[in-house]
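A.B. asks: Fold the following, please.
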Amino acid sequence: MCASGLVPIQGVMIIKLMAVTDGAHDAAGLLRILLKVHPYVDYVQIREKSKPAGVIYQLCRELAKEGLPGHKLWINDRVDVALLLGLQQAHIPGHGLPLFELQKQYPGFQFGVPVHSLQEAVQAEAAGAAYSIYGHCFPTASKKGKDPLPLSDLAEIQRRVAIPLFGIGGITVDRLAELKALELDGAAVMSGIFSAKDPVEAVKKLKEECLRLEAI
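C.D. replies: The predicted model follows:
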């Protein structure tokens, strides 16, 4: 198993949770939320496109200082910040640096990527991605006016690609069962946690449902 624990356990269907920040909170508010929710998720993706590198660095330093394990922390786009923090992983957005070149430059470093089709998922695996995130899977306020991508593609990707596959977009407690039925490895949740009135209560419900589905 890799250091990040992303490799699924053979014969066990476990839906892992990734909390993806939404860029809607200031650094202090985001720190408070993350310190409360991270015990209930498997990974935290810091997706703060409007915040400068220094702010993201300080945020992640505080998270580490307060006990968030390094292997759970994936920083979106800012490979430089991840390296400075001594992390071994980062998430590369669709418009980000080329995965193949990053793998050559930083052997042993893990990179997650977004995908929107079977072709992209196959290419991501060939380039050495640690995982892929497919979406958006369901209607979501963050993608108003845009139809969700076909869930049928998820099933095909899962059959054809060996690296862990997460679904993102409109993920709710009620929709986790659909992801399990498709044998996805995980769910990446943004607004379902960070736009919730009570993020801690929201993430607890998501975790409880993952555990319930795991037991079925």
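A.B. asks: And the next helix or strand past the one helix or strand in the chain whose mean pLDDT sits lowest?
C.D. replies: Sorting the helices and strands of the chain by mean pLDDT, DSSP states H and E puts helix 151-160 at the bottom, at a mean of 90. Scanning forward in sequence from helix 151-160 by DSSP states H and E, the next helix or strand is strand 165-168.
A.B. asks: Buried residues, that next one. List them.
C.D. replies: By neighbour count on 16 or more other CB atoms under 10 Å, the buried set for strand 165-168 is 165-168. All C-beta spots, glycine's among them, are computed from the backbone N, C-alpha and C.
A.B. asks: of those residues, closest to residue 186?
C.D. replies: Checking the buried residues of strand 165-168 against residue 186 with CB to CB, the nearest one is residue 166 at 4.2 Å.
A.B. asks: re earlier: name the residues that touch the least confident helix or strand of the chain?
C.D. replies: Residues outside helix 151-160 that contact it (CB atoms under 8 Å, 6 or more residues apart in numbering): 115, 117-118, 121-122, 132, 134, 137, 165, 167, 178, 182-184.
A.B. asks: Okay, helices next: where are they in this protein?
C.D. replies: 27-37, 53-65, 79-84, 99-105, 118-126, 151-160, 176-181, 191-194, 199-215 (DSSP state H).
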